[in-house]
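**Student:** have a look; sequence and predicted model below, questions after that.
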Amino acid sequence: MGSRGRPSEQRRIQPQALEPRGNGAFLTRHGSTQSLSGQSRRSSPSKPYERRTFTRSRSPAVHPRSEVMSSGMQRPSSPSMFSRHRHLQAVVIRSLFPSTICISFRLPLTRGVFKASFDSRQAFENILLLCSVGCAAVKIRGFATKPFDPEMWISIELALLVIASIIYCTWTRVTWTRVQPNQPERPTTPPSRPGSPRHPEGREGRRSTNTLNLNNTSARSRDTGFVWMTVPKNYRNAQDDGILTGLLGGPLISAAMLYITLRLFSTNPPGDPLPAGWLVEPPMSLPASPTRPPLTPLEALLRSRRYLVSQSTVCATLLLVHVCASWVTEARHRRKLVVPEGEVSSVPRKEGRRTYLYVLFTISVTLWILCVRIALEELRLGIWQSMSYFDVAVSALFFQFSLYISVRMAHRGFTFGELALVAFGATILFMELVNLTIAKLWPTSTPYIKTVRLPTPLLIYQIALIPGSLLTGFLLSPLLYLARHIAQRPVRRLRYPQEKQKHRRLLALGFYAGTVLIVGGLIGLWTRWCLGGRNPWLFVVLWVLNGRSRWTRPALLAYWALLIGLSVAGWTRQLARGRRLRQWNVRGSMHINSSTGDALAAPGSGSPRYGASFGQPGYGSTGAHAQPPYPHPSHQQHQQQVNGLGGSPNLTPPLELSDPGTPPNVAGEGTGPLGLRLPNLPNLPDLPNGTNLSNVATDLLDAADKHVPTLSVNARRKFFHALAVVMFIPGIAADPAFTHLAFSAAFALFTFTEYVRYFALYPFGAAVHLFMNEFLDSKDGGTAILSHFYLLTGCANSVWFEGPSRLLQYTGTLVLGIGDALASIAGKRLGRHRWFAANPKTVEGSAAFVASVCVCAWLLRVFGLVEMFSLASLSASV
């Protein structure tokens, strides 16, 4: 045989169960790599537990449950009612573009040849963003009637931002090398390995970013940007930091909103800024004063959106300042010290000193940006002139503090680009809150209500719900910290261990009572004041009854409640069944033979996986020679979550190798059809009048549960995409204004749910954590779970922007709910051609995305829910 491994570890390499991986390596069906060379025939024992990466965060990251056991063996599949034979057939994956593009050129009057190499995927995405912002600048410039109109200065702001982004990309994303005439060329990056053949059933695991070696923190190069006083471990691992998305995403959205308002203002007569079909009160307006003429809501909205574009360019400038300052400081430290790869020497390890340095830097940058604003005004340049000194100072301070607080609270939850977009959105909401409050305090001296949306009751309630929920968590943060601290620490390390549950209940009661006081007191009084003295709770009740008819909005509420209730109840049962089935499979597969101590028991009469059935001796026990196995990692994780969400688990008794969901052995048990064991069937005297009818139903459900295959994590997550479509499309079609308010309420509810989960608030913390932990993937590796926030915000943004087009209001739901889900399914099942060699996105998935969105939009037009549109233009934009 020629192998030194144990006999139980030796396996025969079968051609139909292997996948070629290049250089003589093959991938087995279990996911392990084997080589056919003579030097790699030795098999090393698999490690029972996998070491996780270390982070300096005080809050442990939430690690998603892996579908593969830590020992390298795949979890045994659930038993099926029918046998399925899968024919393994290798599929060759081809790439349209290489991962790296190299361009060689020669400058005049030089002897050497210069070579520029850059990532093709990043270059393609960056070019799309740059062209989009440049196109928006040109469109806005077309509305300027005079040489120094505000629209011209806004287009100049966007053009300067595009130039700065191009310089940044050229400096950081392009690798420049000089090749001498007589010197052989050295590849700047390792050549990309062509796509290898693979089997369809193993596509999901090997198409992840982990397979492409993209989640390695030490592999990050100098082109990755960071916020001041942050380190790479504070961000989510990704192939690209997305800094250009953070720089240009906010200005692009702001320019699009300004362009829509300019088109409404340029029509004769000017259009109505309130979208058609929205049943809501007209927007508020300030009373006229002797010093200024009264402004219409459209004129006030136009000035506010000019201010929005200037605010977005200010935030982008602050982001560039942070990145450049981090680079310069780190470069100065590396001249004196030898820093390991992936570490940052300029950031102190003490949390207090790090925060102190960040506060000093934030104040310094704010003063600098304020001096630039003053200098531009003295030079009579119209850049940033839509913002007052107060707006510049407050926006700069809040944006920078939002960056730091978000990256510290949601550790490893954001990439750099996602962090910038989240901080920019928080800054917009905060400035709307400040400006609306100022307009109510000084209505005569305020020129106009500076809100980027119409100041309707919808905006007032959104500010009360979303910033109000965040304010509640900030004010009650001491209680939340203590609740997590007590729940996380083991009992033996507490000063009063017998009082642990009592303290948890008191802290949870304090949080719930404090939430009621803040929402009903501070936030409720502010909402009442903005509504002109009307009761906000009664106003909502009456507004719900004033839809198209009295039953429209209550029917929508009942419809949403029914869908949510059925989904939660169904998934609770599905996940409980999956945990029972997973526990049953683990117990059966980890049987340890007492004679060898480390070999897996073969299927037979003595194996608990295929153990004795009812009526046979030995059922329900491990046997005379069996030893209790070590707990499985998933079981340990489950115990940790139950005992305190991250704390040290209590000692658990040895696992039994029998199915815990089945009753004990009883003589005379019967067997039903299809091989389902029904132990209570012989004991029933009469089915119609028998008292054991409920036991029969329970046995039928338990037996059927073992024959229903469990769903993968990707299928579970795509279910919520489909649920979003079923919930939101009818709401937008029936009453978009009411759906606007429902989106804001759902975001606030998600925020409080995350408080309960993360801080382990009694009595719902553990249950919510266990439920949401079943839907995590590699992108939810941070302390906060943000996937449901992304899905809700993506679907709601098109409604929150209050665009005049009905089609735009459906765009978010169509793109995320239908397009993204079908692109994932088509790419994983039918994907044969990747766009880039180092990226899992496929041409088939992109085609499914475009086709599904266009077809659904066309169906909406057929049913008369949207206006007429060009299908070719929609396809090009998608």
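**Tutor:** Ah, there it is.

**Student:** going by C-alpha atoms from here, please, whenever you check contacts or count neighbours.
**Tutor:** Noted.

**Student:** work out for me the element L109 sits within.
**Tutor:** For L109, there is no enclosing helix or strand under DSSP states H and E.

**Student:** need phi/psi at it.
**Tutor:** Main-chain torsions, L109, degrees, to the nearest 10: phi 60, psi 20.

**Student:** got the contact list for T527?
**Tutor:** 460-461, 464, 536 (Cα atoms under 8 Å, 6 or more residues apart in numbering).

**Student:** from R717, how far out is T572?
**Tutor:** 14 Å (Cα to Cα, to the nearest Å).

**Student:** looking at these two, which is more packed in?
**Tutor:** Legend: neighbour count by other Cα atoms under 10 Å for T572 and R717, higher for R717 (18 against 13).

**Student:** got the contact list for that one?
**Tutor:** With Cα under 8 Å, 6+ apart, R717 has these contacts: F775.

**Student:** and it, that's in a helix?
**Tutor:** Yes - assessed with DSSP: H, G, I helix; E, B strand; the rest coil, R717 lies in a helix.

**Student:** look up how far L562 lies from it.
**Tutor:** 20 Å.

**Student:** what does L723 give?
**Tutor:** Relative to L562, and taking Cα to Cα, L723 is found at 12 Å.

**Student:** looking at those two, which is more packed in?
**Tutor:** Between L723 and L562, counting by other Cα under 10 Å, L723 is the more crowded of the two (14 against 11).

**Student:** residue ranges with poor pLDDT in the stretch 551-700 of the chain?
**Tutor:** Flagging of the stretch 551-700 of the chain using pLDDT under 70 yields the residue ranges 578-700.

**Student:** which among the contacts of T527 gets closest to L494?
**Tutor:** A464 (38.6 Å; Cα to Cα).

**Student:** give me phi/psi at the residue nearest to the closest one when sequence neighbours are not counted?
**Tutor:** What sits nearest to A464 in space, not counting adjacent residues and going by Cα to Cα, 6 or more residues apart in numbering, is I523, at 6.2 Å. Here is the backbone geometry of I523 (degrees, to the nearest 10): phi -70, psi -40.

**Student:** I523 and I466 touch, don't they?
**Tutor:** No - using Cα atoms under 8 Å, I523 is not in contact with I466, being 10.9 Å away.

**Student:** which stretches of the chain form strands?
**Tutor:** If DSSP state E is used as the criterion, the strands of the chain fall at 19-22, 25-27, 33-35, 94-97, 100-105, 113-119, 174-179, 592-593, 626-627, 670-671, 677-678, 833-836.

**Student:** model confidence over the third one, on average?
**Tutor:** What that stands for is strand 33-35. For strand 33-35, mean pLDDT is 42.

**Student:** can you get me a residue count around the spatially closest residue to P497 that is not a sequence neighbour?
**Tutor:** Nearest in space to P497, with sequence neighbours left out and distances taken as Cα to Cα, 6+ apart, is V491 at 5.2 Å. As a burial measure, V491 scores 20 neighbours (other Cα under 10 Å).

**Student:** low-confidence ranges, the protein, go.
**Tutor:** If you take pLDDT under 70 as the line, the chain has these spans: 1-90, 180-224, 341-342, 578-711.

**Student:** just the buried residues from the contacts of T527, in ChimeraX please.
**Tutor:** Buried residues within these, by 16 or more other Cα atoms under 10 Å, are selected in ChimeraX with:
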select :460,461,464,536
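
**Student:** now, which of the contacts of T527 sits nearest S346?
**Tutor:** Of those, the one sitting nearest to S346 (Cα to Cα) turns out to be A464, at 39.8 Å.

**Student:** so who does the closest one touch?
**Tutor:** 523-524, 527.

**Student:** next one: F511
**Tutor:** 476, 479-480.

**Student:** the same query, at a cut-off of 10 Å, please.
**Tutor:** 472-473, 476-480, 483, 505, 517, 756, 761 (Cα atoms under 10 Å, 6 or more residues apart in numbering).

**Student:** mind checking which of the residues you listed are buried?
**Tutor:** Here, 16+ other Cα under 10 Å leaves 472-473, 476, 479-480, 483, 756, 761 buried among these.

**Student:** could those residues go into JSON lines alongside distance to L379?
**Tutor:** As requested, the buried ones among the contacts of F511 are exported to JSON lines (distance: Cα to Cα, whole Å):
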{"residue": "T472", "distance to L379": "44"}
{"residue": "G473", "distance to L379": "44"}
{"residue": "L476", "distance to L379": "47"}
{"residue": "L479", "distance to L379": "52"}
{"residue": "L480", "distance to L379": "50"}
{"residue": "A483", "distance to L379": "55"}
{"residue": "V756", "distance to L379": "53"}
{"residue": "L761", "distance to L379": "56"}
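
**Student:** just those: which are in helices?
**Tutor:** Residues of the buried ones among the contacts of F511 located in helices (DSSP state H): 472-473, 479-480, 483, 756.

**Student:** show me the two of those residues that sit farthest apart.
**Tutor:** Most distant of those, by Cα to Cα, are T472 and A483, 15.6 Å apart.
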